[in-house]
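A.B. asks: I'll drop the sequence and a predicted model, then ask my questions.
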Amino acid sequence: MNYMDIALKEAEKAAARGEVPIGAVIVDSTTGEIIARAGNQSEADHDPSAHAEVVAIRNACQKLSSTRLPQCDLYVTLEPCTMCATAISFARIRRLYFGAYDPKGGGVDHGARFYEQATCHHKPDVYGGILESACSEILRRFFQEKR
């Protein structure tokens, strides 16, 4: 099962709702079970923090009755922003897999590079560029249609 494909499906659902098409999936690394999945919900919720990663983390924590997800891996279609990178750190996510790089708004390999800061409490293993072309294309199409 390709979890990034599932994250892409969540991104497509977000786009259909008029949200920036970013999708996220949280997986139990020991069983392979999908714990949570989400797409951006900022517009629908009138909440600038309702990024796909944050929504998925909230749902996973709720499902597991925990504030920490050390046995979980996160798959997201775009390099997380600094806010999301921080939430991933605070949740103690084991591994982060992301699709497209975000030179403008990313906070992992670009911008603040949150995990490289001395103030970062937990750094997940990070793997970028997973299905990068498909993840970039859905964003490109979305913004092209907006213009």
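C.D. replies: Yep, it's here.

A.B. asks: Now residue 84. Nearest residue, chain neighbours left out?
C.D. replies: Distance criterion C-beta to C-beta, 6 or more residues apart in numbering; nearest residue to residue 84, sequence neighbours excluded, is residue 53 at 4.1 Å. Backbone N, C-alpha and C define where each C-beta goes, glycine included.

A.B. asks: Please list all residues in contact with that neighbour.
C.D. replies: 24, 38, 74, 76, 80, 84, 87, 88 (C-beta atoms under 8 Å, 6 or more residues apart in numbering).

A.B. asks: neighbour-wise, which of those leads?
C.D. replies: residue 24 (33 neighbours; other C-beta atoms under 10 Å).

A.B. asks: Sheet-wise, list the partners of the host helix or strand of it with their directions.
C.D. replies: Residue 24 belongs to strand 23-28 when elements are defined using DSSP states H and E. Its sheet considered, strand 23-28 pairs with strand 34-39 (antiparallel), strand 72-78 (antiparallel) by DSSP bridges.

A.B. asks: Quick check: buried residues in the longest one?
C.D. replies: Applying a neighbour-count criterion of 16 or more other C-beta atoms under 10 Å, one finds 72, 73, 74, 75, 76, 77, 78 buried in strand 72-78.

A.B. asks: I am finished for the moment; much appreciated.
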